[in-house]
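Student: sequence-free structure coming up:
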């Protein structure tokens, strides 16, 4: 007897969505925003597929909205929708907005070092259609994962980076990235980026920190966790800012540990949390589900 | 030294919200619904505080929306908002809607038996302002919890119910409930309700089942869980229908157990899950966050 | 139809265990300890009900063992078992051990302030037979919970403690506690204990801190969590030392939150985690499942 | 600046442990077993590294014990330890025991179909030293994963299996497995094994079922879960018996879902749970941490 075959997992991708666009709106909350957005989209015949909004204070707070809508010939229609939204939202309400064609995947560069668990998990999920992005390249300061990365048909660049002066390596990074990526993912990349580099890339950078921030900032968090005797260990995906491990948090998770787990075992168990947390953050970011608000994020997961 | 006092937990209630109303919309999805809702509310000067929507299929599926809005003098304004919505939503779009003044708490009757963990948790959360309801009465087939319930200033009625014929007890229940409650919570009430009773109450009934449904339907789920050797046990809050343990699921959760846990220990650990799951379900229901759709629920938690 | 009645939850207590004793062994690991313990107990006809051990390094590390055994007339037999263990473990192996008759519940004092969620949860669990302790008294710096505590037939003492000088209050605490308790639980007690007080009580003190330590040490952790934008909040039960929030951690847990949760909502959701974490810590401590090792704990849960 | 490098994750393997052995003891509980085991091991100079035991009823129940001990020249010593244990445990106490040199990894065959998430996760963990086994071969009824498996230097055999008669395929399986494996893992293998095949392999078979058993037995569990409207979905690793999905459960876990998740999305989220649950089960089995007891398991995790 054969089990009636379900489609294998990769048959049901979260692919870039044809004929769908996302609209992100930010600004001061006031009466009538929903009506205005709804009326522009309705006027163009677009169907609202999902709509999430959040106001941090209904009396004069900040307003955040994510709308996904579908429409035939969306590529042709977006410019006139954008013009109408500019009139209604930007001029009348003083709101910022971004409109993005979801059929065009964002381009991402992944930075990695020796540990491959986060990197491979992203590559697997991408191959299975779970990440609606184009992985433009993998950059590493170690050559170890070159062969594996290339077996996924993704370019691998080895950029060594030892010693205190990172300027040569960062110049090489910028040369590779320039014009080629929409965001960067640090998949357990064990080098600290300079403020200058962060500013010059000009795109969001997502990092996975191997602790439940703000606990155990900086290097060696699993050793610190063992030393403190915590009963849960965690991982944190956040946007990179100049302040190490202080950027806006996108996602966190934890796993239970015991007194019997060595630092090495914490590291191993933590690796499972790291890859899960990072993949969720990358997925959400690539679907415009994460909105930055100062040092916070609004996540419409 | 004294720690700077945070307010105690009960100082920050999820009370009935003054000057807020909820609008639930259901029907066939089509273009323009959001614009129509937004325009009616905006026309009345109402500010949309939160908006969630879900369509089970953007191409001609069913559409569900929950909107909370605030407005001064809301009680006076609701009738004319309702009239406008009837015009826009019911007539033009063929949608159903319900509008409810959130400053008026829903009235609930809690049914219990001997176990008090779910009952006490609801009473305690209610006292601390976490449940925006009026608990009209507690009905039990055992007198054991009478004194405790009354210490919360809530009426307690003992309605014995033994033997196979429940008709006398159910008649008494109906007499007590008639006109007095908006929904019913079975907080580990160990009697099966007749289909006739369910029909005649005419209000939603929420039950907590002490297993992760659909596993372990019926009586004695912890003993069955022990027998099967599961590694997690759970609890399920659902609306009651005539089909035992088959009604629409509102919320579920689980806790890890081991081979060493006896049935009694499963029961004890499960009790913690039961009270947590039931209190979430009651809170969500009382805030109009749960929409029934056939045998499913849409939960805008 | 009546559901076959399961026993209500409180029918299956984790009561003090008649004819059972616990043996905790600590010291330098070496060959033969298990055999020695086993042979003493076997010689007295005791049956080993459970045995857990942990060595932080099999080559010359520290060794920790918890054994529970049963034996008829255990009270009469314990002195001679103790004498034999002294010979075998203390003299031959240089190990420390403690032997305790589990039929004698430990006596605990609970300190509380205005928030009642942790306090009530302990009182409920105690009444239902889940905590094998005698609650000797509740001490609070606020009178608010007096009536509720006394309805559980437990003495309540109001000891006001305002202003920077806590010496009068602490003297009163010591007078009440002296000779009456085996350990102390701070159930959201919002006063800092002086080092002198901690030393003079001479018994373990368990505190619940309302954050996932070491994140958010000190006052106002929920406000700090909101400020940092974390996606999980937690609670930590730990032994109190002179260093605020730095003592050995017994248990921790977390719950997921979102950008939409206000500080008040974090506080409310955190309260559920706090009471769960504290009750587990108290239960484990009262069953001798927690062994302190410097600033760490070994928990044989 | 360079972060002080932690060792990458794969530097800290859970490798086969040199000079360590496991001893599993099963039988009727009675006084003196611990002393007997301890005395034999101590007599041979072995150091007990960990010891777990469980008795399902201290008065005459079944007793299960897992001991790991270390000893120089363990390979040479095991036969005489075995002889002594036979005398002490088998003859005197009527207990069964198994003794296994943990430096010799168990040999496993993995069966897979089209979905690769469970398969790849096992291969990756094995390469990183997290699974103390030798993966002897991968057998699949589809050729899709051949290249990827072989890139891990592991033999891949394609054995087609279509139509109702599986006897030819099963004969081929038995020819490949005979003498080559100590246990089998079904990593989302979508064919049902015949009772005859199960009997003739003569080794334990671990399956991952894509639901929280006993809910949703049989094919298409994610579609069934969607239909029932559950709020959590799960996965179950269990030993295979002739009764489909009824064998002893080793491990289970769940993940939260909502009304908005399609069946395809449930499948995708469930895949993450499946690979986590299966890898834990395989790791525990390969370290002799799982003891079968009728249709239950004792797991000393």
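Tutor: Great, that's in hand. Keep in mind that what you see is a predicted model, and the values were worked out from it rather than measured.
Student: which residues of chain A score low on pLDDT?
Tutor: Low-confidence segments of chain A (pLDDT under 70): A:1-16.
Student: What are the boundaries of the strands in it?
Tutor: With DSSP state E as the criterion, chain A has strands at A:20-28, A:47-55, A:62-70, A:96-101, A:106-112, A:133-140, A:156-158, A:183-186, A:205-209, A:232-239, A:249-256, A:290-293, A:296-299.
Student: Please identify the deepest-packed of these.
Tutor: Mean neighbours per residue, mean count of other Cβ atoms under 10 Å in any protein chain shown, is largest over these for strand A:232-239, with a mean of 26. The C-beta positions use only the backbone N, C-alpha and C, and glycine is treated the same way.
Student: Any chance of a markdown table for the strands of chain A, columns distance to residue B:268?
Tutor: Output for those, formatted as a markdown table (distance: least, Cβ to Cβ, whole Å):
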| stretch | distance to residue B:268 |
| --- | --- |
| strand A:20-28 | 47 |
| strand A:47-55 | 39 |
| strand A:62-70 | 43 |
| strand A:96-101 | 51 |
| strand A:106-112 | 46 |
| strand A:133-140 | 47 |
| strand A:156-158 | 54 |
| strand A:183-186 | 45 |
| strand A:205-209 | 38 |
| strand A:232-239 | 23 |
| strand A:249-256 | 20 |
| strand A:290-293 | 41 |
| strand A:296-299 | 36 |
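Student: check contacts around the residue nearest to residue A:137 when sequence neighbours are not counted.
Tutor: Nearest residue to residue A:137 in three dimensions, chain neighbours excluded: residue A:155, at 4.5 Å (Cβ to Cβ, 6 or more residues apart in numbering or on different chains). When contacts are counted by Cβ atoms under 8 Å, 6 or more residues apart in numbering or on different chains, residue A:155 touches A:136, A:137, A:138.
Student: which residues does the last one bridge with?
Tutor: Beta bridges link residue A:138 to residue A:110, residue A:156, judged by DSSP bridges.
Student: My guess is it contacts residue A:151. True?
Tutor: No. Between residue A:138 and residue A:151 there is no contact under Cβ atoms under 8 Å: 11.7 Å.
Student: who does residue A:299 bridge with?
Tutor: residue A:290.
Student: For it, give me its contacts.
Tutor: The contact partners of residue A:299, by Cβ under 8 Å, 6+ apart, come to A:250, A:251, A:284, A:289, A:290, A:291, C:231, C:258, C:259.
Student: can you redo those residues as JSON lines with distance to residue C:108?
Tutor: Converted to JSON lines, those look like this (distance: Cβ to Cβ, whole Å):
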{"residue": "A:250", "distance to residue C:108": "42"}
{"residue": "A:251", "distance to residue C:108": "39"}
{"residue": "A:284", "distance to residue C:108": "46"}
{"residue": "A:289", "distance to residue C:108": "47"}
{"residue": "A:290", "distance to residue C:108": "46"}
{"residue": "A:291", "distance to residue C:108": "48"}
{"residue": "C:231", "distance to residue C:108": "35"}
{"residue": "C:258", "distance to residue C:108": "37"}
{"residue": "C:259", "distance to residue C:108": "40"}
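Student: Show me which of the residues you listed is closest to chain B.
Tutor: residue C:258 (9.8 Å; Cβ to the nearest Cβ).
Student: Tell me the spacing between that closest one and residue A:131.
Tutor: The gap separating residue C:258 from residue A:131 is 22 Å, by Cβ to Cβ, to the nearest Å.
Student: More neighbours: these two, which one.
Tutor: residue A:131 (26 against 14; other Cβ atoms under 10 Å in any protein chain shown).
Student: shouldn't residue A:208 be in contact with residue A:237?
Tutor: Yes. Counting by Cβ under 8 Å, residue A:237 is a contact partner of residue A:208 at 5.3 Å.
Student: Which neighbours do the two have in common?
Tutor: A:277, A:278, A:281.
Student: so how many other residues sit close to the spatially closest residue to residue A:187 that is not a sequence neighbour?
Tutor: Leaving aside its chain neighbours, residue A:187 sits nearest to residue A:118 (3.9 Å; criterion: Cβ to Cβ, 6+ apart). Neighbourhood size, residue A:118 [other Cβ under 10 Å]: 28.
Student: gap between residue A:118 and chain B?
Tutor: Look at residue A:118 and chain B: by Cβ to the nearest Cβ, to the nearest Å, they are 26 Å apart.
Student: before we move on, what about residue A:247?
Tutor: When residue A:247 is compared with chain B (using Cβ to the nearest Cβ), they lie 27 Å apart.
Student: Residue A:63 pairs with what?
Tutor: Assigned bridge partners for residue A:63, using DSSP bridges, are residue A:27, residue A:55.
Student: doesn't residue A:32 make contact with it?
Tutor: No. Taking contacts as Cβ under 8 Å, residue A:63 lies outside contact range of residue A:32: 11.2 Å.
Student: residues from chain A in reach of chain B?
Tutor: Residues of chain A found near chain B (Cβ under 8 Å from any Cβ of the partner chain) are A:29-39, A:41-42, A:45-55, A:58, A:70.
Student: one more time with 6 Å, if that's ok
Tutor: Applying Cβ under 6 Å from any Cβ of the partner chain, we find that chain A lies next to chain B at A:31-32, A:34-35, A:38-39, A:42, A:47-49, A:51, A:53, A:58, A:70.
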